[in-house]
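Asks: The sequence and its predicted three-dimensional model are supplied below.
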Amino acid sequence: MRTPNHAADVAEVLLAEDAIRAKVAELGARLSADYAGKPLVLVSVMKGSLPFMADLMRAMTIPLQIDLMEVSSYGGATTETSGLVRILKDLSASIEGKDVLIVEDIIDTGLTLNYLVRYLRGKNPASLRICTLLDKPARRIVEIPIDYRGFQIPDRFVVGYGLDYGEHYRNLPYIGVLKPEVYGAG
Ligand code: IMP
């Protein structure tokens with residue numbers, strides 16, 4: 001992959017910083033009400049969900065715990081999912097009897113989350129729900145019940161606010177559409 005250039009490689013800003021901030025505040029308020037009094041654990045899937053997780057937990061006003069997992073679904077610098085999910089980092093504590101909320105950056109084909117949901121169910125949480133910032137329904141292969149959704153987006157490859165292409169662009173504060181020529185499709 002060639003050297004990334006943030007300004008030149010983004011075709012358009014899909015979600016600006018203030019739109020993301022407002023949505024995260026709204027989700028945080030809803031979640032705080034829904035999970036009041038419950039032993040909540042937010043499980044974030046690295047690395048893409050880190051900015052969302054960091055902002056969402058601070059938009060919540062109830063006691064909670066967090067845990068981090070890392071899975072790989074894409075084979076490096078490609079925009080196609082492989083369907084193969086590998087756990088690179090597992091939970092660090094038991095979630096048995098806890099109310100678990102998976103915090104995801106984006107659901108595309110749904111293959112990653114489908115695997116993760118089955119994996120986490122096997123650990124006997126009291127409940128298991130899904131919160132995703134972005135939902136790209138056009139390419140869904142497996143049906144995923146999304147309990148909390150930030151934005152539904154069109155079938156475009158997006159970067160920023162944690163999302164990457166070839167491990168770059170994660171630090172953009174907004175979510176932008178990557179120019180197709182950057183990933184060799186233009
Ligand atoms: P799924 O298994 O196809 O649902 O893919 C989920 C994962 O693919 C996400 O957690 C992202 O890491 C990655 N992904 C899917 N769509 C995009 C995108 O538009 N930009 C960047 N990463 C994406």
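Replies: The structure has been received and is ready for your questions. Numbering: from 1, shown residues only.

Asks: Near the ligand, which residues of this protein are found?
Replies: 48, 73-74, 81, 105-113, 136, 157-159, 163 (CB under 6 Å from any ligand atom). C-betas here are computed from N, CA, C, even on glycine.

Asks: Against residue 21, how distant is residue 6?
Replies: Using CB to CB, to the nearest Å, residue 6 is found at 20 Å from residue 21.

Asks: whoops, I mixed them up, residue 12
Replies: 19 Å.

Asks: May I see the buried residues of stretch 165-181?
Replies: 165, 166, 168, 169, 170, 172, 174, 175, 176, 177, 178 (16 or more other CB atoms under 10 Å).

Asks: Need the max-distance pair from the residues you listed.
Replies: 166 and 174 (18.9 Å; CB to CB).

Asks: Any stretches of the protein with poor pLDDT?
Replies: 73-83, 185-186 (pLDDT under 70).

Asks: can you pull out the helices in it?
Replies: 6-9, 17-34, 50-58, 111-121 (DSSP state H).

Asks: Of all these, which one is nearest residue 141?
Replies: Across the helices of the chain, closest to residue 141 is helix 111-121 (CB to CB), at 6.1 Å.

Asks: Identify the residues contacting the closest one?
Replies: The contact list for helix 111-121, computed with CB atoms under 8 Å, 6 or more residues apart in numbering, reads 43, 45, 69, 71, 73, 81, 83, 85, 87, 95, 100, 102, 104, 107, 128, 130, 132, 141-142, 144.

Asks: for that helix, the distance to its chain's centre please.
Replies: Chain-centre distance of helix 111-121: 13 Å, with CA atoms, centre = their mean, to the nearest Å.
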